[in-house]
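K.L.:
Okay, predicted coordinates and the sequence, questions at the end:
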Amino acid sequence: MSIYFYKTNEKYGCFSNFSKHGFELGGKYWPTSEHYFQAQKFYGTEFEEQVRLAASPMEAANMGRDRSLPLRSDWEKVKDDVMRKAVLTKFMFNNDARIILLSTGNEEIIEKTTNDYYWGCGNDETGKNMLGKILMETRDIIRDSI
């Protein structure tokens, strides 16, 4: 059996990067893992802080996807590790979300998105599902640390 997630108001909504499970990382508070992830595209620039302070995760996502802003040159190499750090920190800081993640046992976790074939499974479920894979990695890390 697989566990699908996407919207924050659903049973496994805390798995979404848009869920309101903030955390501290790098000496700063991040309202969502989406804020952190998108801001890291502009690490060390004024835009990093602007994204961190975005009013919503959607606003942070839109800023992060704005190609008129200076995307860091190594982004494609570091993006998976940035996501790993954001997701692990989120679940370490938020006990309620951590309990839900651990409750999934060894089930496959899949981000059910129609338009993202990298982080999600895509419309036809042939996507890489990297966010789901990172959630499962995070689950194993947390389980092994208990």
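P.N.:
Looks like it arrived, so ask away. Numbering: from 1, shown residues only.
K.L.:
Now do the contacts for the closest residue to K20 other than its chain neighbours.
P.N.:
Of all residues not flanking K20 in the chain, T32 sits nearest, at 6.3 Å (Cβ to Cβ, 6 or more residues apart in numbering). All C-beta spots, glycine's among them, are computed from the backbone N, C-alpha and C. Each residue near T32 by Cβ atoms under 8 Å, 6 or more residues apart in numbering is listed here: N17, F18, S19, K20, H21, G22, P57, A60.
K.L.:
quick one: contacts for the second one?
P.N.:
Right, the one you point to is F18. Counting by Cβ under 8 Å, 6+ apart, F18 has contacts T8, T32, E34, P57, M58, A61.
K.L.:
What about the third one, how many residues nearby?
P.N.:
The tally of other residues near E34 (other Cβ atoms under 10 Å) stands at 23.
K.L.:
And for the fifth one?
P.N.:
The number of residues packed near M58 is 12, by other Cβ under 10 Å.
K.L.:
could you pull out the helices for this structure?
P.N.:
According to DSSP state H, the chain carries its helices in the segments 33-39, 46-52, 57-64, 75-93, 95-102, 130-145.
K.L.:
Mind picking the two most distant members of the contacts of T32?
P.N.:
H21 and A60 (14.2 Å; Cβ to Cβ).
K.L.:
Show me which of these two is the more surrounded one.
P.N.:
Remark: of H21 and A60, A60 carries more neighbours, 27 against 24, as counted by other Cβ under 10 Å.
K.L.:
Much appreciated, bye for now.
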